[in-house]
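> When you get a sec, could you give me coordinates for this:
(2 chains)
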Amino acid sequence: MAAPARKRPRASPELLEALRAGKAALRRQRERLALREKVRILLELQRLCMPLIARHRPLAEWERPWEITP
Amino acid sequence: MPSFAEALRVLNDMKDAGVVEDYAVAGAMAMMFWAEPIPTYDLDVLVLLPGDDAAIVSLAPLYEWAAKRGYAARAEHVLIEGVPVQFLPAHNSLAEEAVDRAATVEYEGVPVRVVRPEYLAALYLEPGARTLKRRERAAALMESTALDRAALEALLNRFDLKF
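Below you'll find the predicted structure:
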């Protein structure tokens, strides 16, 4: 028999809306970054993501972090 | 270590040399110009090849030009200044228009042709290419402030595409 559902505090619609608005604002802020900064982020993402992708499938020969500066 | 701008400069050299009639950065790297950066490991470049429509499409002259400059082609990519570049000859009128109407954006003093966000989203929604990942990218572009919704609607109608 399942345990009786425990009453937990839940996020209000207002709080959820505020959190979503915050996320959208962050996205807009990242959209407006200078291109050089975006490339710097991309190079960082490449280094971070590669081991994660490699856990799921073999990497193609060209799928390596780029050895370049932004 | 080479810089991203140096790789972009080579694309312009390629156009100046007449190896391609025109080009425009597409795919995830084009998204970076209009939205948030997303991880990618190659640079997609849409190209209009010289010649008339009777000519057989071949990337051989482009690969030869690159090889003469020390940029080797491997696994359908050309490694240009540390960046694996995939050249994609325009495959239909939408892709041709995407190159023709590309925006010229400056990156560290280098002018670079980039597919506009409306065309990028439309290309992601082509029937042959509608993977979940590509639809997700089209959705991300639609949330971007850089995208003109009315222009995208018009493009989708004209090319009979839908989200």
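> excluding its backbone neighbours, what's nearest residue 62?
Defaulting to chain A. B:Pro84 (3.9 Å; Cβ to Cβ, 6 or more residues apart in numbering or on different chains). For every residue, glycine as well, the C-beta is placed using N, CA and C.
> try again with chain B
That would be B:Val19: by Cβ to Cβ, 6+ apart, it lies 5.3 Å from B:Leu62.
> Same question for B:Ala90.
B:Glu96 (4.5 Å).
> what secondary structure does that neighbour sit in?
Secondary structure state of B:Glu96, per DSSP: H, G, I helix; E, B strand; the rest coil, is helix.
> looking at this, B:Glu136 is in a strand?
No - counting by three-state DSSP, one finds B:Glu136 to be helix, located in no strand.
> What average pLDDT does stretch A:11-25 get?
Mean per-residue pLDDT for stretch A:11-25: 91.
> In PDB, list the C-alpha atoms belonging to it.
What follows is stretch A:11-25, C-alpha atoms only, in PDB (Å, rounded to 0.1, in the frame of the first residue of the first chain):
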ATOM      1  CA  ALA A  11       5.800  26.900  -5.700                       C
ATOM      2  CA  SER A  12       3.100  29.400  -6.300                       C
ATOM      3  CA  PRO A  13       2.200  30.300  -9.900                       C
ATOM      4  CA  GLU A  14       3.600  33.800  -9.100                       C
ATOM      5  CA  LEU A  15       6.900  32.300  -8.000                       C
ATOM      6  CA  LEU A  16       7.100  30.100 -11.100                       C
ATOM      7  CA  GLU A  17       6.400  33.000 -13.300                       C
ATOM      8  CA  ALA A  18       9.100  35.100 -11.600                       C
ATOM      9  CA  LEU A  19      11.600  32.200 -12.000                       C
ATOM     10  CA  ARG A  20      10.700  31.800 -15.700                       C
ATOM     11  CA  ALA A  21      11.000  35.500 -16.300                       C
ATOM     12  CA  GLY A  22      14.400  35.500 -14.700                       C
ATOM     13  CA  LYS A  23      15.500  32.700 -17.000                       C
ATOM     14  CA  ALA A  24      14.300  34.500 -20.000                       C
ATOM     15  CA  ALA A  25      16.100  37.600 -18.900                       C
END
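> is any part of the lowest-mean-pLDDT helix or strand in chain B close to chain A?
Least confident helix or strand of chain B, by mean pLDDT, DSSP states H and E, is strand B:73-74 with a mean of 88. Yes - using Cβ under 8 Å from any Cβ of the partner chain, strand B:73-74 reaches chain A at B:Arg74.
> Could you list every helix and strand in contact with that strand?
helix B:60-68 (3 or more Cβ pairs under 8 Å, 6 or more residues apart in numbering or on different chains; DSSP states H and E).
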